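predicted model follows, preceded by the sequence.
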Amino acid sequence: MNPADSLRILPEIILTIVGVLVMLIDASLPPGMTRRPMGWVAAVGTTIALWASLWQLNLGTGTGFFGAVETSPFTVFFHVLICGIVLVAILLALDTLPEESHHQGEYYALIVFGAVGMCLLTSAVELLVVFIALEISSISTYILAGFRKRTAQGPEAAIKYFLLGSFATAFLLYGIAMIFGATGTTQIYEIAQRATGAQNHSLVVLALMLMLVGMLFKVSAAPFHVWTPDVYEGAPSPVVALLSTAPKAAVFALLLRVTYEMLPSLRSIWAPLLWVVAVASMTIGNLAALRQQNVKRMLAYSSIAHAGYLLAAFAGAGSSGIAAAAFYTAAYAAMNVGVFAVVTLASGYDEHLPLVRDYRGLLYRSPLLGILLVFFLISLVGIPFTGGFFGKFYALSAAVGGGAIALAIIGLLNSGVAAAYYLRFAFAAAQGPAEGEEPNRISLPQVGIAVMAALAFTTGATLWLGIMPNSLLRAAELAAHTLQVPPSDAPTSDTNPRQQPLP
């Protein structure tokens, strides 16, 4: 092993050290002492990991640890995105978790350890490392989903997420085993070379199907979405802000790598399949969201629909589909985390405002929260000058460019359906208080710089992507180009034939 290989996983090393440090400090503090400083330790460590991810651009594209992990603009793009989401989630929790909440130090440690798995998942080019990274991420999120263990819904959410998630992970593992049986390797670049000439081609196809089941479950795409509403409803809102974005970003990165890089020869199989899944996700998610009165369940079905919009980009030809999917992932993360930040502040940790009608008059009682809520909702609709508009525009344009015109039309129709429930929520917030209602039922809580910074980050990112999307789009296109560069021969050591200086 080359000692320089450690630089290929520098963000993961930093996050691991931060997680261990948080646990050690937490264990050394007296039981009655506040654990809030642990959140600042986690936030600073995540920021350092984000900058370390950007620094990895200086390394050039290449692999380490005998071809197990890779550093490239593609991995850096998703590392920065995941670390940014985790940082905002930590900042949101700093001022919204009750001081007396149980195991608050463990909360921050779990978020950081989950980020380790998510970042490793985006850089792994060895399927066994993929499995390990997915488990690191999943175990942390299973526990976080049930963090409100004193409520009935918290443990229910954790158990459902754990049981169904474990079942889906088994599909992924069986797929890895079958691809190994068909090609004799679990290294992604070697599989790409050997898959076309594999004697048992049907085994390769079956492996792809099983792996797709595992990945589509993790991104809550239909028909593997049934866990999503219950888990979102039972988990704390700051956790849902993380669950609905960061793990999905990591798995979408894996899905891009498996389809475009590992098995591009099977495009005639996976492209139509993802076409059907995209239509099902958009349609089922939006129609189900129309019927929801519970805010978190509505947003859960909304996330299923957005998984469909993102999958529509996979119909794009070549790098356009990859770039569109990467851009949409970033845009969705910004606006969705923003929505859950507002919901967390308005409803509180105990979520005393669970229904849409409970938010009536929010704009009058708390103008800041009301304006931000309406802004993020119109971004989710896809109104121009917001990140949601360009996210959908690039995704559906990629589908049209790939010849999937019908898919793009279905996506546009579903966007119209989605506008109904998003605008219903926005109108409820903009309505005046009902007659006889307590005038100060909703008020802006006393929050510090952490939550204000989280709101500023998400608002600024959503505006930036809606007004000046070209800078992020160029980064996504560079990531797409890097992902598609075929290896000249399979890497068998730490020297990767893909290694090249970045432009």
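That came through, no problem.

next up, the contacts around the residue lying closest to V18 once chain neighbours are set aside.
Distance criterion C-beta to C-beta, 6 or more residues apart in numbering; nearest residue to V18, sequence neighbours excluded, is G45 at 3.0 Å. Yep, even glycine has a C-beta here, placed from its N, CA and C like the rest. Counting by C-beta atoms under 8 Å, 6 or more residues apart in numbering, G45 touches I14, L15, I17, V18, L21, V112.

go ahead and confirm the second one touches V116.
Yes. Assessed by C-beta atoms under 8 Å, L15 is found in contact with V116 at 4.7 Å.

with neighbour numbers in mind, choose between these two.
L15 (31 against 23; other C-beta atoms under 10 Å).

can you pick the most crowded of the contacts of G45?
Counting by other C-beta under 10 Å, L15 has the largest number of neighbours within the contacts of G45, with 31 neighbours.

which SSE is that one in?
In this structure, L15 sits in helix 10-28 according to DSSP states H and E.

who's in contact with that helix?
Contacts of helix 10-28 (C-beta under 8 Å, 6+ apart): 6, 35, 37-38, 41-42, 45-46, 48-50, 52-53, 55-56, 79, 83, 105-106, 108-109, 112-113, 115-116, 119-120, 123.

now, of those residues, which are buried?
35, 37-38, 41-42, 45-46, 48-50, 52-53, 56, 79, 83, 105-106, 108-109, 112-113, 115-116, 119-120, 123 (16 or more other C-beta atoms under 10 Å).

report the mean confidence score over the helix holding L15.
Averaged across helix 10-28, pLDDT comes to 94.

now swap in stretch 405-425 and tell me
In this model, stretch 405-425 has an average pLDDT of 95.

same question for stretch 356-376.
Stretch 356-376 shows a mean pLDDT of 90.

now do the same end-to-end measure for that stretch.
With C-alpha to C-alpha, to the nearest Å as the measure, stretch 356-376 spans 15 Å from end to end.

could you find the closest non-adjacent residue to S415?
Spatially, and ignoring its direct neighbours in sequence, S415 is nearest to G382 (5.5 Å; C-beta to C-beta, 6+ apart).

list just the nearest of the contacts of G45 to L274.
Among the contacts of G45, L15 lies closest to L274 (C-beta to C-beta), at 30.9 Å.

would you map the helices across the stretch 1-150 of the chain?
10-28, 36-55, 73-96, 104-123, 127-145 (DSSP state H, counting those that start in this stretch).

and the second one with helix 104-123, angle?
Read that as helix 36-55. With axes from the mean of the first three to the mean of the last three C-alpha atoms, to 10 degrees applied, the angle from helix 36-55 to helix 104-123 works out at 10 degrees.

now do helix 36-55, average pLDDT.
94.

ok, the fourth one next?
Mean per-residue pLDDT for helix 104-123: 94.

elements contacting it?
With contacts taken as 3 or more C-beta pairs under 8 Å, 6 or more residues apart in numbering; DSSP states H and E, helix 104-123 sits against helix 10-28, helix 36-55, strand 69-71, helix 73-96, helix 127-145, helix 246-256.

relative to T169, which of these is closest?
Taking C-beta to C-beta, helix 127-145 is the member of the helices and strands packed on helix 104-123 nearest to T169, at 6.6 Å.

ok, and for that closest one, which residues are buried?
By 16+ other C-beta under 10 Å, the buried positions in helix 127-145 come out as 127, 129-131, 133-145.

what does that helix contact?
Contact with helix 127-145 is made by 68-69, 107, 110-111, 113-114, 116-118, 120-121, 124, 154, 157-158, 161-162, 165, 169, 172-173, 176, 179-180, 186-188, 191, 218, 231, 234-235, 239, 242-243, 247, 250-251, 254, as judged by C-beta under 8 Å, 6+ apart.

and if we set it to 7 Å?
68-69, 110, 113-114, 116-118, 120-121, 124, 157-158, 161-162, 165, 169, 172-173, 176, 186, 188, 231, 234-235, 239, 243, 247, 250, 254 (C-beta atoms under 7 Å, 6 or more residues apart in numbering).

how about stretch 227-243?
85-86, 89, 92-93, 96, 111, 141, 144-145, 147-148, 153-154, 156-157, 160-161, 164, 220, 294, 296-297, 299-301, 303-304, 337, 340-341, 343-344, 347, 349, 351.

now do stretch 249-262
With C-beta under 7 Å, 6+ apart, stretch 249-262 has contacts from 78, 81-82, 118, 121-122, 130, 137, 188, 191-192, 211, 215, 218-219, 270, 310, 314, 322, 325, 329, 333, 483-484.

what about the nearest residue to T196 once chain neighbours are set aside, neighbour count?
Among residues not flanking T196 along the chain, S265 sits closest, at 4.7 Å (C-beta to C-beta, 6+ apart). By other C-beta under 10 Å, 15 other residues sit near S265.

distance check, S265 against F180.
Using C-beta to C-beta, to the nearest Å, S265 is found at 17 Å from F180.

same question for Y394.
From Y394 to F180 the distance is 36 Å (C-beta to C-beta).

more neighbours: which of the two?
Remark: of Y394 and F180, Y394 carries more neighbours, 24 against 17, as counted by other C-beta under 10 Å.

the more buried one contacts F327, correct?
Yes. Counting by C-beta atoms under 7 Å, Y394 does reach F327; the two are 5.3 Å apart.

could you check the pLDDT of V485?
pLDDT at V485 comes out at 52.

an error on my part: the question was meant for Q153.
The confidence metric pLDDT takes the value 84 at Q153.

the strands in this protein, which residues?
Assignment of strands within the chain using DSSP state E yields the ranges 62-64, 69-71.

tabulate those strands (a markdown table), appending distance to R365.
Formatted as a markdown table, the strands of the chain follow (distance: least, C-beta to C-beta, whole Å):
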| stretch | distance to R365 |
| --- | --- |
| strand 62-64 | 54 |
| strand 69-71 | 49 |
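
please identify the most buried of those strands.
Mean neighbour count (mean count of other C-beta atoms under 10 Å) peaks for strand 69-71 among these, with a mean of 25.

if we can go back for a sec, list buried residues within the contacts of helix 127-145.
For the contacts of helix 127-145, a neighbour count by 16+ other C-beta under 10 Å gives the buried set as 68-69, 110, 113-114, 116-118, 120-121, 124, 157-158, 161-162, 165, 169, 172-173, 176, 186, 188, 231, 234-235, 239, 243, 247, 250, 254.

how about L473: what's its closest non-neighbour residue?
Distance criterion C-beta to C-beta, 6+ apart; nearest residue to L473, sequence neighbours excluded, is F327 at 5.6 Å.

is it true that that neighbour touches S471?
No. If you go by C-beta under 7 Å, F327 and S471 don't touch, sitting 10.8 Å apart.

more neighbours: which of these two?
When F327 and S471 are compared on other C-beta under 10 Å, the one with more neighbours turns out to be F327, at 29 against 10.
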